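J.: here is a sequence with its predicted model. Questions after.
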Amino acid sequence: MTDQEYGPNIQFFGDTLDLGTIGGKAASLARMAAAGMPVPPGFSLTSDAYWAHLRQTGLETKITQRLANLDGSDPSALASASSDIQRMFSASQMPTEVAQQTVEAYQRLAETSEFKPTADFGYLPVSVRSSATAEDLPGASFAGQHDTFLNIMNENDVLDSVMNCWSSLWSVHAMMYRNMQGISYTDVAMPVVVQKMVYATSAGVVFTANPVTGNPDEIMINACWGLGEAVVSGIVTPDHIIVSKHDMAVITSHISDKETMIVRDGDKGTMQMPVPPAQRNAPVLSDSQLRQLCAAARSLESTYGQPQDIEFSFEGDELHLLQSRPITTL
């Protein structure tokens, strides 16, 4: 893919690593893919697409006016501004050119992913994820501040999800976080990642240094059945494993009683369901999966030159890496 095909609004993974163009999450995914890591394919709506939306709809001026004289230390004032700006996004319409290029990129992603439509699923399932230009940075992860939409399966829902990601830049939590980090409200754009969806049989988070003790020689893994959102959202107590980074020997392993998992919900979104009884107290990761994951984690830490917080999933025994960002708690 080249930017000549889609203009400045769309960049496929591998087209650029520029954080200002595609945001922190997408830049990390592109870097991982360039390093040969198992990253599901995808593309980004760039910061140019976000600014085009603001300019062509008049939102840029309206937001500037709404933020004038805003007291960022007043939670109620922030909440009121957030509500007003998000209503502006809900009432706006994506520029025709940006929408058309997004649909074309989504169709191309399906073609290059060798997706074969079935009677049940006629469209490529994707995740649509925020990738703000101030996101996943060493001093400001913005973890959980912006929106992600999973199992999105048609063109209109992709466009709606992109709009909702743009709007989530102006959630009260995101605005408060930027205020605490000293980041100007108007200095941040919201690129968006559209990525082939992995129907995970197991998933979780791996830290290439122990974030609890600070030990750089330990890999810490939290794993669950189904999609990793069960770990991220805290709805399940995951398996908790500590591994020696040196020889990948297991130091401690706590296998939890995992009652709930998150899975795809038909042709849109996700749902919670009970874990089958035979799996509730069984280890999520096999020995071979554990070795494969730890090897990838060590390689990523070497690539980035600093400890990483990595989201992963397995579809059967096939490893997928979904995100990597610096550990901000060490």
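T.: Looks like it arrived, so ask away.
J.: did I read that right, residue 29 in a helix?
T.: Yes - the assignment for residue 29 by DSSP: H, G, I helix; E, B strand; the rest coil puts it in a helix.
J.: which non-adjacent residue is nearest it?
T.: Leaving aside its sequence neighbours, residue 29 sits nearest to residue 39 (C-beta to C-beta, 6 or more residues apart in numbering; 5.6 Å). Every residue, glycine included, has its C-beta placed from N, CA and C.
J.: same deal with residue 83?
T.: residue 172 (7.8 Å).
J.: that neighbour touches residue 79, doesn't it?
T.: Yes - taking contacts as C-beta atoms under 8 Å, residue 172 lies within contact range of residue 79: 4.8 Å.
J.: which residues in the chain form helices?
T.: 3-6, 19-34, 47-57, 59-67, 75-91, 96-112, 155-168, 172-181, 229-232, 277-280, 287-304 (DSSP state H).
J.: the fifth one to helix 155-168, inter-axis angle?
T.: For helix 75-91 and helix 155-168, the angle between their directions (axes from the mean of the first three to the mean of the last three C-alpha atoms, to 10 degrees) works out to 160 degrees.
J.: quick one: list the elements packing against helix 75-91.
T.: Applying 3 or more C-beta pairs under 8 Å, 6 or more residues apart in numbering; DSSP states H and E, we find helix 75-91 packed against helix 59-67, helix 155-168, helix 172-181.
J.: one more time with 6 Å
T.: Judged by 3 or more C-beta pairs under 6 Å, 6 or more residues apart in numbering; DSSP states H and E, the packing partners of helix 75-91 are helix 59-67, helix 172-181.
J.: lowest average confidence across these, which one?
T.: If you rank these by mean pLDDT, helix 172-181 sits at the bottom with a mean of 85.
J.: for the helices and strands packed on helix 75-91, which one sits closest to residue 111?
T.: Each of the helices and strands packed on helix 75-91 has some distance to residue 111 by C-beta to C-beta; the shortest is helix 59-67, at 32.9 Å.
J.: what's in contact with that closest one?
T.: 54, 81, 84, 85, 88, 185 (C-beta atoms under 6 Å, 6 or more residues apart in numbering).
J.: next, count neighbours for the last one.
T.: In this case it means residue 185. By the criterion of other C-beta atoms under 10 Å, residue 185 has 20 neighbours.
J.: same question for the fifth one.
T.: When neighbours are counted by other C-beta under 10 Å, residue 88 registers 18.
J.: number of nearby residues for residue 195?
T.: Residues lying near residue 195 (other C-beta under 10 Å) number 22.
J.: hmm, it is touching residue 41, no?
T.: No - counting by C-beta atoms under 6 Å, residue 195 stays clear of residue 41, with 7.2 Å between them.
J.: name the nearest residue to residue 196, sequence neighbours excluded.
T.: Residue 196 sits nearest to residue 40 (C-beta to C-beta, 6+ apart), 4.3 Å away.
J.: from residue 305, how far out is the one you found?
T.: The gap separating residue 40 from residue 305 is 24 Å, by C-beta to C-beta, to the nearest Å.
J.: ok, these two, which is more surrounded?
T.: residue 40 (20 against 8).
J.: returning to that earlier point: any chance of the helices of the chain in CSV with distance to residue 240 as columns?
T.: Converted to CSV, those look like this (distance: least, C-beta to C-beta, whole Å):
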stretch, distance to residue 240
helix 3-6, 43
helix 19-34, 25
helix 47-57, 38
helix 59-67, 43
helix 75-91, 35
helix 96-112, 35
helix 155-168, 30
helix 172-181, 27
helix 229-232, 10
helix 277-280, 16
helix 287-304, 13
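J.: where exactly do the strands run in the stretch 201-330 of the chain?
T.: 202-207, 218-225, 239-244, 250-254, 260-264, 270-274, 308-315, 318-326 (DSSP state E, counting those that start in this stretch).
J.: who does the first one pair up with?
T.: Strands adjacent to strand 202-207 in the sheet, as given by DSSP bridges, are strand 218-225 (antiparallel), strand 308-315 (antiparallel).
J.: do the longest one as well
T.: Strand pairing for strand 318-326, determined by DSSP bridges: strand 308-315 (antiparallel).
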